[in-house]
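Asker: I need the structure of the sequence given here:
(chains A and B)
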Amino acid sequence: NAGVTQTPKFRILKIGQSMTLQCAQDMNHNYMYWYRQDPGMGLKLIYYSVGAGITDKGEVPNGYNVSRSTTEDFPLRLELAAPSQTSVYFCASRSGNTGELFFGEGSRLTVL
Amino acid sequence: QQQVKQSPQSLIVQKGGISIINCAYENTAFDYFPWYQQFPGKGPALLIAIRPDVSEKKEGRFTISFNKSAKQFSLHIMDSQPGDSATYFCAASVGSGNTGKLIFGQGTTLQVKP
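Answerer: Residues are numbered from 1 along each chain as shown, chains lettered A, B, ... in the order given. Okay, here's the model as predicted:
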């Protein structure tokens, strides 16, 4: 029962570097989401997907890209990392039958 | 209009007391209001949720009170325990059966003192 798995758990990037945060779910959920969490700001939606091949922007998509080639995987790409992208990133999935989101344990990213 | 405003930012309660966290929204199209609980180093997990056709929902020690006319909802934790110490997020969405995009409040850090 892995649920939603995120890798890496921690990463330090230099300004201008790029990287991909991986997210995989084994629950056969159609809906997947990427949120970022900053202190005192709650969780902000970056991108979401309603199924393989379909993605759309959330509240704060600038500086990020996503793809959804399979039901299981929903990677988040950071291009040209900036200090403002220092945050904890959470991936989540949902079946569509209920409103419940299942979250991964997060990826803490620091951009220096 | 898409915001969900949550208060207080932090809360300290004695063991056995009642913890109350409040949220307000503006978008009247919201029709699903969940509360998530997050422990340090973990992702948020669904605690309890309500839809606007009822004014209250109770699950064990946790109760959501919903006031549609005031566009407010709150979480009450009865007989608060040290194990309830966590960060709580309210959220709202339009049509949980559709895209289910949740708009989260800013979060409340609850500390329950023994």
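
Asker: So what's the residue count around residue 35?
Answerer: I went with chain A, as the question did not name one. As a burial measure, the neighbour count of A:Tyr35 was computed by other C-beta atoms under 10 Å in any protein chain shown and equals 27. Backbone N, C-alpha and C define where each C-beta goes, glycine included.

Asker: nope, chain B
Answerer: 23.

Asker: Can you list the buried residues in stretch B:27-41?
Answerer: Residues B:Phe30, B:Asp31, B:Tyr32, B:Phe33, B:Pro34, B:Trp35, B:Tyr36, B:Gln37, B:Gln38 are the ones in stretch B:27-41 that count as buried (16 or more other C-beta atoms under 10 Å in any protein chain shown).

Asker: what residues does chain B put near chain A?
Answerer: Where chain B comes near chain A, counting by C-beta under 8 Å from any C-beta of the partner chain, the residues are B:2, B:4, B:6, B:9, B:32, B:34, B:36, B:41-46, B:49, B:89, B:93, B:96-97, B:99-107.

Asker: can you give me the helices in chain B?
Answerer: Remark: helices of chain B are absent; assignment by DSSP state H.

Asker: Include distance to B:Phe73 when you put the buried residues of stretch B:27-41 into CSV, please.
Answerer: Converted to CSV, those look like this (distance: C-beta to C-beta, whole Å):
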residue, distance to B:Phe73
B:Phe30, 10
B:Asp31, 12
B:Tyr32, 11
B:Phe33, 5
B:Pro34, 10
B:Trp35, 9
B:Tyr36, 13
B:Gln37, 16
B:Gln38, 18
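
Asker: okay if I get those as CSV plus pLDDT?
Answerer: Rendered in CSV, the data for the buried residues of stretch B:27-41 read as follows (pLDDT from 0 to 100):
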residue, pLDDT
B:Phe30, 90
B:Asp31, 88
B:Tyr32, 90
B:Phe33, 94
B:Pro34, 94
B:Trp35, 97
B:Tyr36, 97
B:Gln37, 98
B:Gln38, 97
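
Asker: Quick check: of these, which lies closest to chain A?
Answerer: Looking at the buried residues of stretch B:27-41 and their distance to chain A, the nearest is B:Tyr32, at 5.0 Å (C-beta to the nearest C-beta).

Asker: is it true that the closest one touches B:Asp53?
Answerer: No: in terms of C-beta atoms under 8 Å, B:Tyr32 does not count as a neighbour of B:Asp53; the distance is 11.0 Å.

Asker: Which positions in chain A make contact with chain B?
Answerer: Residues of chain A found near chain B, taking C-beta under 8 Å from any C-beta as the criterion, are A:4, A:31, A:33, A:35, A:40-45, A:48, A:50, A:56, A:58-59, A:90, A:92, A:94, A:96, A:98-101, A:103-106.

Asker: And the residues you listed, which of them are buried?
Answerer: Buried by 16+ other C-beta under 10 Å: A:4, A:31, A:33, A:35, A:42-45, A:48, A:50, A:58, A:90, A:92, A:94, A:96, A:99-101, A:103-104, A:106, out of those.

Asker: Among those residues, name the ones in strands.
Answerer: With strands identified by DSSP state E, the entries of those that belong to them are A:4, A:31, A:33, A:35, A:42-45, A:48, A:50, A:90, A:92, A:94, A:103.

Asker: farthest pair in those?
Answerer: A:Gly42 and A:Val50 (22.7 Å; C-beta to C-beta).

Asker: quick one: contacts for B:Glu59?
Answerer: Counting by C-beta atoms under 8 Å, 6 or more residues apart in numbering or on different chains, B:Glu59 makes contact with B:Ile48.
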